[in-house]
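Novice: A predicted structure for the sequence below; I have some questions about it.
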Amino acid sequence: MPGEGIVVAGLSPVLMWFRRDLRLSDHPALVAAVATGRPVIPVFIHDEVVESHGAAPKWRLGLGVADFARSLEALGSRLILRRGPALQVLQALVAETGAGAVYWSRLYDPASKARDTGVKAALKAAGVEAQSFHGHLLFEPWTVETKTGGFYKVYTPLWNTVKTRDVPAPMTAPKALAAPDIWPVSDGLDGWQMGRAMRRGAEIVAQHVHVGELAAQDRLALFLDERVGTYVKNRDLPSVRGTSGLSENLTYGEISPRTAWHGGQRALHEGDADAEVFLKELVWREFAYHLMHHTPHILTDNWRPEWAGFPWRGDNTQAQAWRQGRTGVEFVDAAMREMYVTGSMHNRGRMIAACYLTKHLMTDWKVGLQWFEDCLIDWDPAANAMGWQWSAGSGPDAAPYFRVFNPDTQLDKFDKSRAYAKAWIAEGQKIPSATALDYFNAVPKSWDLSAADRYPSPIVPLDEGRKRALDAYQNRGF
């Protein structure tokens with residue numbers, strides 16, 4: 001019965017430390033904890049890594065934690081919330097509960113790896129079992145190698161290497177978790193105020209989130225039932241719901257990549273040829289983690305060292321116009337406004353907005369990377385960094401030329417009717433859409449923007465911006 005936990009007396013508990021793995025199904029660490037036959041105490045820690053998150057990711061993580069806590073309660077368990085440095089919190093919980101083990105799912109960004117390495121060493125030194133498990137990726141980054149034993153720097157060879165690899169079937173969710181004799185005290189989630197930095201934007205973005213494991217599974221099912229057959233054509237159309245939308249849920253581990261992979265494989269075997277491109281997108285995510293693991297400087301510095309002297313500008317007034325969605329370039333502005341209203345942005349919009357900032361405005365990709373880190377509910381450290389560096393030219397793009405997209409011709413190609421632009425840009429429309437008007441209710445009041453404002457002329461002529469970027473590229477001797 002929901003709410004009635006199974007109590008196993010006399011056995012030391014296992015602390016199951018949840019992070020970006022807020023699900024019950026296909027959860028190797030949780031399955032291992034349950035398999036011990038000992039009481040399992042689920043724990044989420046608002047630690048130094050969580051504290052470093054931007055406004056939208058932290059707010060969205062809080063929603064995921066709340067939903068996951070309800071899922072655990074339905075199993076007769078509960079999620080213990082604590083705030084503070086991870087090691088100190090875990091040591092305190094071990095002392096309070098007599099736990100003999102701590103299990104968790106691996107993460108791969110440098111900050112999480114450093115934290116987890118220190119936690120594991122300290123716990124083991126104190127005689128506490130400490131184990132980390134896979135689950136956030138299809139393939140552990142160190143298991144994918146070139147024929148000479150190195151790592152992949154180009155996506156396509158990596159895809160060719162892993163596309164036929166066996167991916168184990170997803171694990172089923174446990175039907176119950178053994179409870180401890182006495183539960184430790186938990187913080188209240190509301191007291192953490194994880195959405196404080198979102199301010200009034202939270203109310204707008206909340207209309208567009210899909211939180212939790214059940215929502216993620218429904219999303220995948222809808223995509224496989226209705227969209228995967230036209231994925232190749234529709235995924236590039238920003239006004240069409242042509243993608244799975246799963247980046248939000250994969251970010252917080254509300255669905256496992258194996259579940260998505262096997263769903264895509266079933267669709268492919270049933271005759272939906274477009275499903276292969278969906279599988280490639282899942283491996284594109286793997287590629288980002290592959291690079292972050294082997295070259296962690298991708299998060300902070302030019303991935304290609306020869307770009308160290310490229311004359312990008314730091315933050316500037318034109319970059320502020322870009323942030324506000326007021327560049328006068330419809331595709332760029334629509335994409336930025338979509339992000340403020342929904343917390344997400346169409347993938348082609350991300351590419352166009354990033355290319356425009358780094359090339360037409362000659363602004364350092366780090367400026368954009370940090371802004372997306374603050375604004376995206378599906379922010380992912382590896383994907384965000386690789387996407388920005390790919391768009392800027394300093395990252396793992398196999399193209400033998402300096403790519404400068406023209407946002408206007410891209411809009412003509414992928415949004416000829418301007419449905420996307422009209423959905424997000426209110427200025428100049430007699431009857432603006434609700435989504436276009438929501439932008440003004442989501443952004444900071446200090447921007448002092450109104451739908452009655454005149455839509456701006458382009459802050460930089462596109463041909464002029466393109467020429468400036470190409471000149472800078474050629475003068476660097478690339």
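Specialist: Received, thanks. Since we're looking at a predicted model, the values are computed, not measured.
Novice: so where do the helices sit in the stretch 301-450 of the chain?
Specialist: With DSSP state H, counting those that start in this stretch as the definition, the stretch 301-450 of the chain shows helices at residue ranges 317-323, 330-342, 347-355, 365-375, 381-392, 407-414, 419-424, 434-442.
Novice: Could you point out the longest strand of this structure?
Specialist: If each strand of the chain is counted by residues according to DSSP state E, the longest one is strand 40-46.
Novice: what's the spacing between that one and its chain's center?
Specialist: Shown here is strand 40-46, whose average C-alpha point lies 22 Å from the average C-alpha point of the whole chain (C-alpha atoms, centre = their mean, to the nearest Å).
Novice: now do stretch 450-469
Specialist: 30 Å.
Novice: other SSEs contacting whichever helix or strand comes after the longest strand of the chain?
Specialist: Moving toward the C-terminus from strand 40-46, the next helix or strand (DSSP states H and E) is helix 48-51. Judged by 3 or more C-beta pairs under 8 Å, 6 or more residues apart in numbering; DSSP states H and E, helix 48-51 is in contact with helix 110-125. For the C-beta atoms, the positions are set from N, CA and C on the backbone; glycine is no exception.
Novice: what angle separates the helix it packs on from helix 381-392?
Specialist: Computed by axes from the mean of the first three to the mean of the last three C-alpha atoms, to 10 degrees, the angle separating helix 110-125 from helix 381-392 equals 160 degrees.
Novice: residues of helix 110-125 that come out buried?
Specialist: Burial within helix 110-125, assessed by neighbour count using 16 or more other C-beta atoms under 10 Å, is assigned to 112, 115-116, 119-120, 123.
Novice: Now do residue 376: how many residues are near it, please.
Specialist: Under the neighbour criterion other C-beta atoms under 10 Å, residue 376 is assigned a count of 24.
Novice: if we can go back for a sec, how about the helices of the stretch 301-450 of the chain in CSV, adding mean neighbour count?
Specialist: As requested, the helices of the stretch 301-450 of the chain are exported to CSV (neighbours: other C-beta atoms under 10 Å):
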stretch, mean neighbour count
helix 317-323, 18
helix 330-342, 26
helix 347-355, 23
helix 365-375, 21
helix 381-392, 24
helix 407-414, 16
helix 419-424, 20
helix 434-442, 19
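Novice: So which of those helices is nearest residue 237?
Specialist: helix 407-414 (5.6 Å; C-beta to C-beta).
Novice: just to revisit the earlier point, need the max-distance pair from the buried residues of helix 110-125.
Specialist: Spanning the widest gap among the buried residues of helix 110-125 are 112 and 123, at 16.0 Å by C-beta to C-beta.
Novice: Tell me which stretches of the protein form strands.
Specialist: According to DSSP E, the strands that the chain contains are 6-7, 14-18, 40-46, 80-83, 101-105, 129-133, 178-179.
Novice: Need the winner for burial among those strands.
Specialist: Among the strands of the chain, judged by mean count of other C-beta atoms under 10 Å, the one packed with the most neighbours on average is strand 14-18 (a mean of 27).
Novice: pLDDT on that strand, on average?
Specialist: Here strand 14-18 scores 98 as its mean pLDDT.
Novice: so where's the stretch 251-400 of the chain uncertain?
Specialist: The model of the stretch 251-400 of the chain has pLDDT under 70 over residues 400.
Novice: separation between residue 249 and residue 217?
Specialist: 9 Å (C-beta to C-beta, to the nearest Å).
Novice: which of those two has more neighbours?
Specialist: Ranked by neighbour count (other C-beta under 10 Å), residue 249 and residue 217 place residue 249 first, with 27 against 17.
Novice: got the contact list for residue 67?
Specialist: Applying C-beta atoms under 8 Å, 6 or more residues apart in numbering, we find residue 67 in contact with 22, 211-213, 254.
Novice: Please convert those to CSV, extending it with neighbour count and distance to residue 309.
Specialist: Formatted as CSV, the entries for those read as follows, by neighbours: other C-beta atoms under 10 Å; distance: C-beta to C-beta, whole Å:
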residue, neighbour count, distance to residue 309
22, 28, 43
211, 22, 44
212, 22, 47
213, 25, 47
254, 27, 42
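Novice: Of those, which belong to helices?
Specialist: Counting by DSSP state H, the part of the contacts of residue 67 found in helices is residue 213.
Novice: Looking at the contacts of residue 67, which one is closest to residue 50?
Specialist: Checking these against residue 50 by C-beta to C-beta gives residue 22 as the nearest, at 12.6 Å.
Novice: Quick check: chain neighbours aside, which residue is closest to the closest one?
Specialist: Excluding the flanking residues, the one nearest residue 22 by C-beta to C-beta, 6 or more residues apart in numbering is residue 68, at 4.1 Å.
Novice: Now do that neighbour: how many residues are near it, please.
Specialist: Residue 68 has 24 neighbouring residues, counting by other C-beta under 10 Å.
Novice: Out of the buried residues of helix 110-125, the closest to residue 237 would be?
Specialist: Residue 237 lies nearest to residue 112 out of the buried residues of helix 110-125, by C-beta to C-beta, at 35.3 Å.
Novice: what's near enough to touch the closest one?
Specialist: By C-beta under 8 Å, 6+ apart, the neighbours of residue 112 are 19, 49.
Novice: how close does it get to residue 260?
Specialist: Going from residue 112 to residue 260 by C-beta to C-beta gives 22 Å.
Novice: can you list the domains in this protein?
Specialist: 7-134, 137-169+199-294, 305-475 (automatic domain parsing).
Novice: on that earlier part again, who touches both of residue 249 and residue 217?
Specialist: Shared contacts of residue 249 and residue 217, counting by C-beta under 8 Å, 6+ apart, come down to residue 255.
Novice: Take the contacts of residue 67 and write them to a markdown table, including distance to residue 276.
Specialist: Output for the contacts of residue 67, formatted as a markdown table (distance: C-beta to C-beta, whole Å):
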| residue | distance to residue 276 |
| --- | --- |
| 22 | 29 |
| 211 | 29 |
| 212 | 29 |
| 213 | 26 |
| 254 | 25 |
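Novice: one step back: mean pLDDT lowest where, among the strands of the chain?
Specialist: strand 6-7 (a mean of 49).
Novice: Chain neighbours aside, what residue packs nearest to residue 314?
Specialist: Of all residues beyond its chain neighbours, the one nearest residue 314 is residue 364 (6.0 Å), with distances taken as C-beta to C-beta, 6+ apart.
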